[in-house]
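J.: give me a 3D structure for the following:
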Amino acid sequence: MLLAHLAFWDGRAAQVAARWLANGAPDEAPIDVASANDGMKPLLAAVPPLEAARLALDAADRVDALVADRKSTRLN
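T.: Residues are numbered from 1 along each chain as shown. Predicted structure coming up:
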């Protein structure tokens, strides 16, 4: 379940960063973290472990690519 949890939050980070880069400014993306974590527990538990690992790696790669691509100071 932990890897699926990481996949969600890294995926969210990638989406927020992509919007930031596209819009040229930070975009407020408020979220109630406790409610989101509690609400997604049943969904995360249903993800098979190997799929969770794949999703976590894919999401981490997306975040890494966005950060590596920030040769300017647009994400500072």
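J.: does Ala29 touch Ala18 like I think?
T.: No. At 11.2 Å, Ala29 and Ala18 do not qualify as touching, with contact defined as C-beta atoms under 8 Å. For the C-beta atoms, the positions are set from N, CA and C on the backbone; glycine is no exception.
J.: for this protein, which segments are assigned as helices?
T.: 2-23, 33-46, 49-68 (DSSP state H).
J.: now do stretch 43-53: distance to the chain's middle.
T.: 16 Å (C-alpha atoms, centre = their mean, to the nearest Å).
J.: span of it from start to end?
T.: This stretch, stretch 43-53, spans 15 Å end to end (C-alpha to C-alpha, to the nearest Å).
J.: give the buried residues for that stretch.
T.: For stretch 43-53, the neighbour count (16 or more other C-beta atoms under 10 Å) marks Leu44, Val47, Ala52 as buried.
J.: disregarding residues adjacent in the polypeptide, which is nearest to Asp10?
T.: Ala59 (3.6 Å; C-beta to C-beta, 6 or more residues apart in numbering).
J.: show me the shaky parts of this protein.
T.: Judged by pLDDT under 70, the chain has its weakly predicted residues at 71-76.
J.: again, only using 80
T.: Residue ranges of the chain with pLDDT under 80: 27-29, 69-76.
J.: got a list of what the residue lying closest to Ala17 once chain neighbours are set aside touches?
T.: Excluding the flanking residues, the one nearest Ala17 by C-beta to C-beta, 6+ apart is Leu66, at 4.6 Å. Residues in contact with Leu66 (C-beta atoms under 8 Å, 6 or more residues apart in numbering) are Ala14, Ala17, Ala18, Leu21, Leu75.
J.: of those, keep whichever come out buried.
T.: Ala14, Ala17.
J.: what sits against Pro49?
T.: Leu3.
J.: how close does Ala14 get to Pro42?
T.: For Ala14, the distance to Pro42 equals 24 Å [C-beta to C-beta, to the nearest Å].
J.: distance to Val33 added to the contacts of Leu66, as a markdown table?
T.: As requested, the contacts of Leu66 are arranged in a markdown table below (distance: C-beta to C-beta, whole Å):
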| residue | distance to Val33 |
| --- | --- |
| Ala14 | 17 |
| Ala17 | 18 |
| Ala18 | 20 |
| Leu21 | 23 |
| Leu75 | 21 |
